[in-house]
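Visitor: Sequence below, structure please.
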Amino acid sequence: MNENFNWFENDIDAELEEFEQSEYKRSTFSFLFDLLSSQIGYVLLFFVGLRIIYFVFRMSNLSLFGIDFFILLNNSIFILGSFVFIYVLVKCTVYVCLNVRVNSMLEFILGSYRLIILSIWSLVNLSWFKANMNDVLGCYYYLRAFFASVLVTSIAYNITSVIMIFFDRYFVNQTLKAKINDVEKTEKIISSMKTFRYEIGSSSSVGSQNCPCQDIYCYDMSSSSHLDNLNDRSLEDLDIQKTYLDIPEPELHSISDAKTLAKDVFVKASGNGKSLTVDEFNTIFANPQTAINAFFYFDNGIDKSIKMKTFHDTIMTFYMERIYLEKSVRRAEEFVSIIGTFFNVFVFFILCLIYLILFGAPLKELLALALSSALALNFIASGMATDQYYNFMMLLSHQFDVGDEVIVDGDEYKVYTFGLTSTSLLCENGGKVKFLNSELWKKKLINMTRAPEKILVFKFSLNPNISHFDFSALKLEIHNYVVSKRFDFLDTFSLQAESEKNTSIENLECSLILKCKTFKNKTKKFNLRVETTHFLNEIIKKYAN
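Guide: Coordinates of the predicted model:
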């Protein structure tokens, strides 16, 4: 089978997906702000042109809304001109901060530069109209209320954005911490393999580079320019910032990339081109301990050699785990976005009351309106809040990821998709079952993939007349067997009664619990079960009499 094995066409391909980086679009506020900002400059030029015409032709005795046209032009030019000046100044400052080494948290706060622009602009205009109150006396209070509203809104949503940043960072980190740690381990293995592939003296299948020490001796101006472009960051980087976690870029970017790496590393490390021994596998890694830890992922549970298909499938599993992590991050970010939307709507309702107060609405009527609005909101959102609570608890507990093997109410499934409101599971026969998260939260759920202890349990009966000496010898043989399987099991085991209720002297119902070193999928566990069952039957017969 190994001789006919095709690295690039395999039966596992049906389960693979191409890596797709999450696309994060700008918010509606950012889009509208940028659109209006791009037009304000033209409006400013229009008013400046009117001001020049007014000055050249010496126009006078013109008024609009009871305000002298000359004063109206000057104030309009100041309002628009101050916005353009502050807009350019803040964007230049943010650009400089982005291209120097700044704290990552400060970088996320810089993403609210649009609200910072509005805050400074409203403060400047409040001071301007307060100093020129007599010129615009007829509409001063409306202007003050307007700019005060802009100031309060920008400050409120600035605080809201900072709160959501901290919440997002905490929530995503807590829910995906274990998943990120697992993926980081496999990514380090892939990184070591990529280093091994490009080491000097690689096989011809890998392909030789023109200059192995290119970074030092073969200095390329184009590559230098490319690095400069990578370091040159723009304000658009703030809008496409996808997550507040420091997750590095994936080592493998496509299915073909993963398959090519698997083939190149296997061909280079293998002596016979058909399988990898433990010693050959260790040459891939610089650190022996890293090699031992990595070998657990590739061990097939049968022998201590790695076949082509096993090596290929394990690399593809690493690739898919990185994709599942990307999906999990995207799902958590979507949930945080929903929470942020509800929070922003709540803040908006409070701001509406503040707007009415600033524009002179009576306080008693506002309190009555606020009370009636709260009652209506409670009536409408009570059911929605319950569903969101269960969604939040499912995400916060993070009981499984896509691809995990789970047991729900005694039935075995494999997680197919996991959304904000529902989860799809695959049955053993390939059928798909969909649960609402609110229902799934109430069910008994066991995650076999993420279990803290990876164990195999064997139940059997012993001769009730077995002597203590023979029982000790039996345990010694089990211990020697476990030690011989050092790649599969820990050297500790538990041989105990099947249940405390089994008190009969007619037979001895036993349970042997073996602890696996790493998670074993169903195929590996079954191979170990076959081998261990055969061993147990042999020694039980040996000490039966």
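Visitor: From here on, just use CA atoms for contacts and neighbour counts.
Guide: OK.
Visitor: can I assume residue 418 is in contact with residue 424?
Guide: Yes: shown here, residue 418 and residue 424 form a contact pair, counting by CA atoms under 8 Å, at 6.4 Å.
Visitor: next one: phi and psi at residue 360?
Guide: Main-chain dihedrals, residue 360, degrees, to the nearest 10: phi 90, psi 20.
Visitor: what about the residue most central in space within the chain, which SS state?
Guide: Centroid check for the chain by CA atoms, centre = their mean gives residue 329 as the closest residue, at 2.1 Å. Following DSSP: H, G, I helix; E, B strand; the rest coil, the label given to residue 329 is helix.
Visitor: For the lengthiest helix in the chain, name the packing helices and strands.
Guide: Ranked by residue count and defined by DSSP state H, the top helix of the chain is helix 140-197. Other elements packing on helix 140-197 under the criterion 3 or more CA pairs under 8 Å, 6 or more residues apart in numbering; DSSP states H and E are helix 113-131, helix 255-269, helix 308-358, helix 363-397.
Visitor: Secondary structure class of residue 465, three-state.
Guide: Per three-state DSSP, the local secondary structure of residue 465 is coil.
Visitor: same question, residue 88
Guide: Secondary structure assignment for residue 88 (three-state DSSP): helix.
Visitor: From residue 37, how far out is it?
Guide: 10 Å (CA to CA, to the nearest Å).
Visitor: Repeat that for residue 316.
Guide: Residue 316 is 48 Å from residue 37, by CA to CA.
Visitor: same check, this time on residue 284
Guide: Counting by CA to CA, the separation of residue 284 from residue 37 is 56 Å.
Visitor: So those two - more neighbours on which side?
Guide: residue 284 (22 against 15; other CA atoms under 10 Å).
Visitor: ok, the closest residue in space to the more buried one that isn't next to it in sequence - how many residues close by?
Guide: Leaving aside its sequence neighbours, residue 284 sits nearest to residue 196 (CA to CA, 6 or more residues apart in numbering; 5.8 Å). Residues within reach of residue 196, counting by other CA under 10 Å, total 19.
Visitor: Residue 268 now?
Guide: The local packing of residue 268 (other CA under 10 Å) involves 19 other residues.
Visitor: Quickly list the domain ranges of this structure.
Guide: Taking automatic domain parsing as the criterion, the chain consists of the domains 1-361, 405-447, 455-542.
Visitor: Generate CSV for the ones you listed, with mean pLDDT and distance to residue 372 as supplementary columns.
Guide: Converted to CSV, the domains of the chain look like this (pLDDT from 0 to 100; distance: least, CA to CA, whole Å):
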stretch, mean pLDDT, distance to residue 372
domain 1-361, 75, 12
domain 405-447, 81, 30
domain 455-542, 82, 56
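Visitor: Could you export those domains as JSON lines, including distance to residue 394?
Guide: Formatted as JSON lines, these follow (distance: least, CA to CA, whole Å):
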{"stretch": "domain 1-361", "distance to residue 394": "10"}
{"stretch": "domain 405-447", "distance to residue 394": "7"}
{"stretch": "domain 455-542", "distance to residue 394": "23"}
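Visitor: mind checking which of these is nearest residue 390?
Guide: domain 405-447 (5.2 Å; CA to CA).
Visitor: Just give me how far that closest one sits from the chain centre.
Guide: 21 Å (CA atoms, centre = their mean, to the nearest Å).
Visitor: can you pull the buried residues of stretch 158-173?
Guide: Neighbour-count burial for stretch 158-173 flags 158, 161-162, 164-165, 168-169, 171-173 (criterion: 16 or more other CA atoms under 10 Å).
Visitor: again with stretch 283-293
Guide: Buried-residue list, stretch 283-293, by 16+ other CA under 10 Å: 284-285, 290-291.
Visitor: Can you give the contact residues for that stretch?
Guide: 192-193, 196, 265, 269, 281-282 (CA atoms under 8 Å, 6 or more residues apart in numbering).
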